[in-house]
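Visitor: Can you look at this prediction? I've put the sequence above it.
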Amino acid sequence: MSLVGATRDLALVVEADAASVAAFAASLDTPAGRVPTTYPIRWLTRLEIVAVVAELAADRPGALPVHELQTIEMAAPLPIGQPLDLKVSAARTDAIHVTVEAEICDGGTPVGRMHAVLRLMP
Amino acid sequence: MSTAAHPAPFGTTYPDRVFPGIAMDRVRAYAAASGDDNPIHVDEAAARSIGLEGPIVQGMLLMGLVDTALAEWLPQGTTVKLSTRFALPVAVGSPVTIAARVVRADTEAGRPRATLRIFVRDGGGKAVALAEAVVGL
């Protein structure tokens, strides 16, 4: 049975701890003292989100999600070392794509947004 | 209204940022730091199972390198938006070259802002990703 049109929402609590920010920055040769803009994208690899994507792709057994498009937009500097809310909405938009929208909030105040388009391969 | 020159005028280009061969060590380091454990990046058989010739560099690693290049080109800037479309896979081991041009120079709330069109090319010169960044200056 096709899952096209199916959607899932979830809410998570995440944190940008200094050690993981440093490791992420080191893997990208980010200049010292900067937080990589793309750091929050790592939260999209959380098991809960991976499970949602797998659920939305369950009618294509063996298919792996591969990034086709990724956007991140920051409204404020990423707070370090404090809990943040991550609201996620995922959707199976067509036969070969799953989209993931995520909003990062600090105490209700939006900090940033992410949008991913994942292609199911093969 | 300020008459100061925009720090990144329309048409500005930046020196190509070349990342020598993206080795498996870097791919594994990024996988560990990002949590992206998709096997197609590190496992030959997994990559071949979906029709690839071998492991490919994470798209998010390429996007992160674009962000690094932006930070080097515009050290005083803050990237407020970065969007990347991935056109072709990049084999692990391939060098990557990142080039950018300012396509819009304006202000936001009185602060200069630049929009850059960015090309990511592999070792063969093929455009593997196209990015757009908005940087507050």
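Guide: It's in.
Visitor: residues of the top helix by length along chain B that come out buried?
Guide: Ranked by number of residues, the top helix in chain B under DSSP state H is helix B:59-73. Neighbour counts using 16 or more other Cβ atoms under 10 Å in any protein chain shown place B:59-71, B:73 of helix B:59-73 among the buried residues. The way it works is simple: take the backbone N, C-alpha and C, and place the C-beta from them, glycine included.
Visitor: Give the buried residues for stretch A:35-51.
Guide: Quick answer for stretch A:35-51 (16+ other Cβ under 10 Å): A:35-44, A:46, A:49-50.
Visitor: among those, which are in strands?
Guide: Applying DSSP state E to the buried residues of stretch A:35-51, no entry is found in strands.
Visitor: In helices, which of those residues fall?
Guide: Those of these lying in helices (DSSP H): A:49-50.
Visitor: wait, what's in contact with the most centrally placed residue in chain A?
Guide: Centroid check for chain A by Cα atoms, centre = their mean gives A:Leu44 as the closest residue, at 2.7 Å. Shown in contact with A:Leu44 (Cβ atoms under 8 Å, 6 or more residues apart in numbering or on different chains): A:100, A:102, A:114, A:116.
Visitor: Report the inter-axis angle for the helix or strand hosting the third one versus helix B:59-73.
Guide: Okay, so that is A:Met114. In the assignment (DSSP states H and E), A:Met114 maps to strand A:109-121. Put simply, strand A:109-121 runs at 130 degrees to helix B:59-73, going by axes from the mean of the first three to the mean of the last three Cα atoms, to 10 degrees.
Visitor: Which other helices and strands does strand A:109-121 contact?
Guide: strand A:64-74, strand A:97-106 (3 or more Cβ pairs under 8 Å, 6 or more residues apart in numbering or on different chains; DSSP states H and E).
Visitor: Compare those strands and give me the one nearest chain B.
Guide: Nearest to chain B, of all those, is strand A:64-74, at 3.9 Å by Cβ to the nearest Cβ.
Visitor: quick one, the helix or strand that the closest one is followed by and strand A:97-106 angle?
Guide: Next along the chain after strand A:64-74, taking DSSP H and E as the criterion, comes strand A:83-94. Relative orientation of strand A:83-94 and strand A:97-106, computed by the same axes, to 10 degrees: 160 degrees.
Visitor: Would you list the strands that strand A:83-94 pairs with, along with their directions?
Guide: Under the criterion DSSP bridges, strand A:83-94 sits next to strand A:7-15 (antiparallel), strand A:97-106 (antiparallel) in its sheet.
Visitor: For the contacts of A:Leu44, give me TSV that also has neighbour count and pLDDT.
Guide: Listed next are the contacts of A:Leu44 as TSV, based on neighbours: other Cβ atoms under 10 Å in any protein chain shown; pLDDT from 0 to 100:
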residue	neighbour count	pLDDT
A:Val100	21	98
A:Ala102	23	98
A:Met114	21	98
A:Ala116	23	98
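Visitor: Sweet, I'm off.
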